[in-house]
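>>> Predicted coordinates and the sequence they were generated for:
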Amino acid sequence: MEMNELRIKLHWLPHVFLFLIVVLSLLPSTHCVNGNDYSQTKNPAVLPIVTELIYNRLSNLSTILTNDIKKDLHFCIKNVESDWDEAFNFRGKLGFLSDCIKKTKGDLTNRLCTAAEIRFYFNSFLDMRDKDSSYLKPNKNCNLTSWKSGCEPGWGCSIGNDKKLDLKSTTIPYRTRDCQPCCEGFFCPMGLTCMIPCPSGSFCPLAKLNKSTGLCDPYGYQIPPGQPNHTCGGADVWADLGSSSDIFCAPGSYCPTTITEVGCSKGHYCRMGSTSEQPCFQLATCNSKTSNQNIRAYGVILIVALSMLLVIIYNCSDQVLSTRERRQAKSREAAARHARETAQARERWKSAKDMAKKRAVGLQQQLSHTFSRKKSTRQPDWKGLGDTTSVPSDNSLPPLHPGTSSAPQQSAPVSKGKKTEPSSLTKMLRKIDENPNSHEGFNLQIGDKNIKKQAPKGKQLHTQSQIFKYAYGQIEKEKAMQQKNKNLTFSGVISMATDVEIKTRPVIEVAFKDLTLTLKGKHKHLLRCVTGKIMPGRVSAVMGPSGAGKTTFLSALSGKATGCTTTGSIFINGKLQSMKSYKKIIGFVPQDDIVHGNLTVEENLRFSARCRLSADMPKPDKVLVVERVIEALGLQAVRDSLVGTVERRGISGGQRKRVNVGLEMVMEPSLLILDEPTSGLDSSSSNLLLRALRREALEGVNICMVVHQPSYSLFKMFDDLILLAKGGLTVYHGSVKKVEEYFSGVGIIVPERVNPPDHYIDILEGLVKPSSGVTSEQLPVRWMLHNGYPVPPDMLQLIDGAGASSSSDASTEPAFAGEFWQDVKYNVEMKKDHMDHNFLKSPDLSNRRTPGVLRQYRYFLGRVGKQRLRESKIQAVDYLILLIAGACLGTLAKVSDETLGSTSYTYTVIAVSLLSKIAALRSFLDKLHYWRERASGISSLANFLSKDTVDHFNTIVKPLVYLSMFYFFNNPRSSFLDNYIVLVFLVYCVTGIAYALAIYLDPSPAQLWSVLLPVVMTLIATQDKDSKVVKVLGRFCYTKWALEAFVIANAERYSGVWLITRCDALYKSGYDLHDWNLCLARLFLFGLLSRVVAFFLMLTFQKK
C-alpha cells in the first residue's frame, strides 16, 4: 500500500511542475499589464487577458470622472453611466485595442491618457469654446520650452518601461519617451502626448499623406516641417461637429467599430455617426448609402386619415344635429296638429251640446204650453228637461258619426252579431265629454279651479312628443281663453279673478324723484329733474327728440348708467334699493340687435330661457315659455332658420329685431325695458310686437320702451307716455289718453290729420312753433309748475316767458392745463365707475334661483359646439394653412445636426404660434353678446370655460396637422410623440395669450399683436446671453421654453460621438437636458396664467 501511494504521488509531480511553469509564464504578462514591457513574453495566449484588463481599467475611469462630469457637464449629461456606455462600451469589439497592444509591443498602458490628462483635455476644450480658441493650454509635456514630436497632432509618447503608470492619477505624468503615431481607434490631441479611445460612432483610421495638398487625410493636419522622420499619425481631435467632423462616421455609412466603416445597404439608412444600419419603413424609399429615409408617404397617409376623421366627425355631428332637429320638428308639428285638432273637436262638441240643449229647452217649453192644463203621470219625466241647470241626455244629441247611434241602451239589441268599434274621433269626443278636464283637450269653462290639479305635471313628461303636446295644448288653451275673454260677463270676470290658473309674476314698480345724471368731468346734464312712476301691467312709451336722454333714462332705470354722477332717488316697490338686486327678473333689450347669427331663432331663444329661467322650473314649462314667445312674435316660419351675420344672409331685419326682443321675453321678466324695439320695423311688425308686449303686461309685467315716430294706432296702444325735451327734461308724464288734453291746456292744439307724438316732437325739436307763443324751453317748466315740482334756479327766468340768455353765461376759454387735468380726472372716474359696476355686488332680491355654473357650462358647451360646427369651413382653412406651413418648413428648414435642429424648430415655434393665435382670436370676438348676457346675470365663468373647452379640440388636432407635414418631410432624430407633446403645450399656451389679446384689444390691434409677439419673443429668446437684461427677458418668453423643449427632445437622441456636439449646442443655447418636463410645465402655467388674465380682463373690461 505504501509503495502504491508513493507511485501515485510521483505520478502527479510532472503535472504540478507543468502548472508552475504556466503560472510563471503568465506572471510577466500580468506584470506587463501593470506597466512592464509586453515584449518580454509576446505570448498570444495572454493577449486577450491583457486586452480585457486594459479595457476594464478604461471603463473604471468613468467612476473617477463622474463628479467632474456632473459638475461641469450636468446640463448635457443626464446619466453618466448610460452616456459613458454609449460612447465607450467596446465590449465584444476590442480588436482595435489588441492591435494597438501589438503595435506598441505591450506598452499601451503607458501611452493611455490618465484621468488627469482627460480632465485637462476637456477643461481646455471648455476654455477654447469660451475664448474661441483651437489650442490646448501648455502643460508639463508640451510647452514653449519642451515640444516633443508626441505633442504634434496624431502622435503620442510613453512614460517609459521603468515607470509605473496609474490611470487614476490626478496629476499629469511626464510622457516624452518613444513617441509614435497614434493607434487606430484612438485620437491624440495636439498639445497632449497620450492617447484617448475614439467614441462609438466615430471612424479613426491612420492618416495618409496627400502629396498634392500636403495634408494628412482624412484629418487635415500637416506634418511639422524640418522633421523628415515624422509621418502622419492617427486621429487628432474629438470635437463638436461645427469645429471638426473628421472622426464622425460618414452619412450613408455605419461604423460597427471605430476602425471599420461599412456602406449602408439598400433598404436601410445610416445617419452620420451611426454604429449600425437602421431598416427603412415599408413605404419609405432607401437606396444604398442613404443617410435618411424618405417617409413623406406616411405624412400623406396621416393627413388623409386625419382629414377623413375630421370629415366623419363633422358629418356625423352635423347628421346627428340635423336628424335631431328634424325629429324635433316632426314631433313639434305633430303636437301642434294634435292640439289644434283637439281644440276644434272640443269646439264642435261644445257647439253640438249647446244646440242640443237649446232644442231640449224649446221642446220642454212647447210641451209645457200644450199640456199645462192636463195632468199626466208622465209629467215628472219631462220635469228634468225643463230644469235649465240639468244637462240633456245623450238621446237628444245629434249623431256623432255616420253609423253610430246616439242612444246608448236601445242600440244594444239591434247589433247582437258583430259589434262595430267606434272611430278614434268618437272615442276622443266621448272621452272629452266624460272628462272635460282631461289633458287631451282643455277646459273652456272660465274659473275652473281643478284644471291645474288634473293636468299632468311638467316633471311627469319625459319624451319630446309629450313635452310639445303639453306646450301646444296650453297655447291653444290660452288662445281660446283670450277669445272667450272678449265677451266676458260679470260672473265670468269674478270667476277669472279667482282662478288659480292665472299666472302672475313678481311685481316691480319703479318710482323716480328728481332723477338727474351729470357727465363726470364735463358738468353736462344728460337727464335732469325727472320725476314719475312706471307701474306693473302697463306699457309706457318714452319719446322725445334726439339728445333728449331717452336711452340714458332707460339705462338709469335699469342700473346700467356708468360714467355719470347720479342724483335723486329711484324707489323699487316703494323702497330705496339698487336695481342690480333685481337683475335676474329685469329684461333689457338694447337698441342694436345683439343676436348670435350662427344659431337659429329657436336656439337663441331656448338658450336664453335655459340660463335665465328658474332652475326649479321643469323642462316642459321652459319649452312652453319658448313656444309661447315664438307664437306671440310670429316667428314660427323662421324658427329653424339661422339668424345670419354680415357675411351670411339669414332672416330679415324685422324678424331679427323680434328675436332680439324675444331673448328677454323668454326669461319672463317683471320689468322689461326696450330701447327702440320698433326702429326699422314696418307698421304691421310693430303692431305685432306691441300686441305681444301687451300680452306680457296682462301678466303684471312693467314695460317701458323708447319709441321713435309711432303710428297713431300704435300710439294708442300705449298706456303711459313719458315725453322728454332736450337736456333730459320732462315735458309730460302720464296717461296717453290725457296727453292731448294737457297740451291743449297750454295752448298746443294738434292739427287735423297729424299724428300727436310727431307734432309734439317737432315742437320740441324747434321745427314747429306753437301758435300760443309757448316756447319749447318753457314746456318743461310748465310741467313742473303743473305738478308742483321745484324748478331749478337757472330755469326760473323761463317762468315769466323770457328766453334763456346766452350772453350772461359767457365764460372764458379754459387753459390747456386745466382742460387736460379735467380729462384725466374724467378718465379716472370712468375707470372707477367701471370697476364698481363690475365688482360691487348687490344682494339678490329677485327670489329666482337660476341654474348654477356647471349647468350653464353644459348649456354653453352645446351652443359653442354648434357654432364651431357651423364654422367648419373656417376651421378647414386654418388646417390647410398649417399644412402648407409644415410642408414648407419641413422642406426648406432642415433639422441640422450641428445645432440639434435649433433653426428649424425656431421657425416652427414662430409659425405655429402665429397661426394658432390668429385662429384663437375668433373665440372672443362676440364681446357685445357677452356683455349683454353678463348684464342679465348669465355666468361669465361658464361662458369662458365652454369656449376654452371647445378650443381644446384645436389644441389636440393642430399639432397633428402641422407635424404630418413638418415631421415626415424633415424626419428629425426626436420621436413624433415628443414633438407632438411639445406642440400641444405650445398651442395651449398661445391660445391663452390670444384670449387675453382678443378680450382687451379690438380685432385689428389684436391681430397685429398676435403676429408681433411670437416674432419679438423668439428674437429675444435666441439672442446671445451676454446681456443680463436680454437674459432676464428671455426667461419670460414662452418661445424660449418651447424651443428648449424641442431641442432637448432632439438632443437626447444624440449619443456616442455626438456627446461633445450635444454639450456644445446646449451650452451655447443655455439649455439644460434635465429641463424638458420643466419647460412643458412652464408652457402650461403660462397658458393657465394667460387664461386667468384673460378672464380677469373679461370681467373688468367693457365698452365705454
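The structure has been received and is ready for your questions. None of these values were measured; they are calculated from a predicted model.

>>> roughly how far apart are the residue sitting nearest the centre point of the chain and L1088?
When C-alpha atoms, centre = their mean is applied to the chain, the residue found nearest the centroid is D948 (2.3 Å). Distance, D948 to L1088, using C-beta to C-beta, to the nearest Å: 10 Å. C-beta here means a position set from N, CA and C on the backbone, and glycine is covered the same way.

>>> now do G597
32 Å.

>>> Counting neighbours, go ahead and name the busier of those two.
Counted by other C-beta atoms under 10 Å, G597 and L1088 do not tie: G597 has more neighbours, with 21 against 13.

>>> for V626, what are its contacts?
Going by C-beta atoms under 8 Å, 6 or more residues apart in numbering, V626 touches 602, 605-606, 609, 666.

>>> so where's the stretch 501-650 of the chain uncertain?
Residue ranges of the stretch 501-650 of the chain with pLDDT under 70: 501-504, 521-522.

>>> Break down it into its strands, ranges please.
Assigned by DSSP state E, counting those that start in this stretch, the strands in the stretch 501-650 of the chain fall at 510-519, 524-534, 539-543, 564-572, 575-576, 586-589.

>>> The last one pairs with which strands, and in what direction?
Each strand pairing with strand 586-589, determined using DSSP bridges, is listed with its direction: strand 671-675 (parallel).

>>> Please apply the same query to the shortest one.
The sheet places strand 575-576 alongside strand 564-572 (antiparallel), with pairing taken from DSSP bridges.

>>> ok, and what's touching the strand it pairs with?
In contact with strand 564-572 (C-beta under 8 Å, 6+ apart) are residues 508-520, 526, 529-530, 552, 556-557, 576-577, 579, 581-582, 833.

>>> distance between that strand and the chain's centre?
Distance, stretch centre to chain centre, for strand 564-572: 40 Å (C-alpha atoms, centre = their mean, to the nearest Å).

>>> and the angle from it to strand 510-519?
Here strand 564-572 points in a direction 180 degrees away from that of strand 510-519 (axes from the mean of the first three to the mean of the last three C-alpha atoms, to 10 degrees).

>>> can I get the CA coordinates of strand 564-572 in CSV?
Extracted in CSV, the C-alpha atoms of strand 564-572 (Å, rounded to 0.1, in the frame of the first residue of the first chain):
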residue,chain,number,x,y,z
CYS,A,564,-72.2,109.8,-14.7
THR,A,565,-73.0,111.4,-11.4
THR,A,566,-76.5,110.4,-10.4
THR,A,567,-78.6,112.4,-8.0
GLY,A,568,-82.2,111.9,-7.0
SER,A,569,-83.9,108.7,-5.9
ILE,A,570,-85.1,105.5,-7.5
PHE,A,571,-87.6,103.5,-5.5
ILE,A,572,-88.5,99.9,-6.2
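
>>> my guess is Y967 meets L889, correct?
No: using C-beta atoms under 8 Å as the test, Y967 is too far from L889 to be in contact (10.5 Å).

>>> Of those two, give the one with the bigger neighbour count.
Y967 (26 against 22).

>>> before we move on, the earlier item: can I get the strands of the stretch 501-650 of the chain in a markdown table including distance to F96 and mean neighbour count?
Formatted as a markdown table, the strands of the stretch 501-650 of the chain follow (distance: least, C-beta to C-beta, whole Å; neighbours: other C-beta atoms under 10 Å):
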| stretch | distance to F96 | mean neighbour count |
| --- | --- | --- |
| strand 510-519 | 91 | 18 |
| strand 524-534 | 94 | 20 |
| strand 539-543 | 99 | 24 |
| strand 564-572 | 90 | 16 |
| strand 575-576 | 98 | 8 |
| strand 586-589 | 87 | 24 |
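
>>> got the contact list for the residue nearest to G650 when sequence neighbours are not counted?
Spatially, and ignoring its direct neighbours in sequence, G650 is nearest to G644 (1.7 Å; C-beta to C-beta, 6 or more residues apart in numbering). Residues near G644 by C-beta under 8 Å, 6+ apart: 597, 650-651, 656.

>>> Pretty sure Q1007 sits in a helix.
Yes: counting by DSSP: H, G, I helix; E, B strand; the rest coil, Q1007 is part of a helix.

>>> distance of it from Y732?
Per C-beta to C-beta, Q1007 is found 50 Å from Y732.

>>> closest one to V638 among the strands of the stretch 501-650 of the chain?
Of all the strands of the stretch 501-650 of the chain, it is strand 586-589 that lies closest to V638, at 18.8 Å by C-beta to C-beta.

>>> what's the burial count for I69?
That count, for I69 with other C-beta under 10 Å as the rule, works out to 17.

>>> Now distance to D107 too, for the strands of the stretch 501-650 of the chain, in JSON lines please.
What follows is these, written out as JSON lines (distance: least, C-beta to C-beta, whole Å):
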{"stretch": "strand 510-519", "distance to D107": "99"}
{"stretch": "strand 524-534", "distance to D107": "103"}
{"stretch": "strand 539-543", "distance to D107": "110"}
{"stretch": "strand 564-572", "distance to D107": "99"}
{"stretch": "strand 575-576", "distance to D107": "106"}
{"stretch": "strand 586-589", "distance to D107": "98"}
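
>>> how about the ones you listed, which one is nearest Y789?
Y789 sits nearest to strand 524-534 of all these, at 5.8 Å, using C-beta to C-beta.
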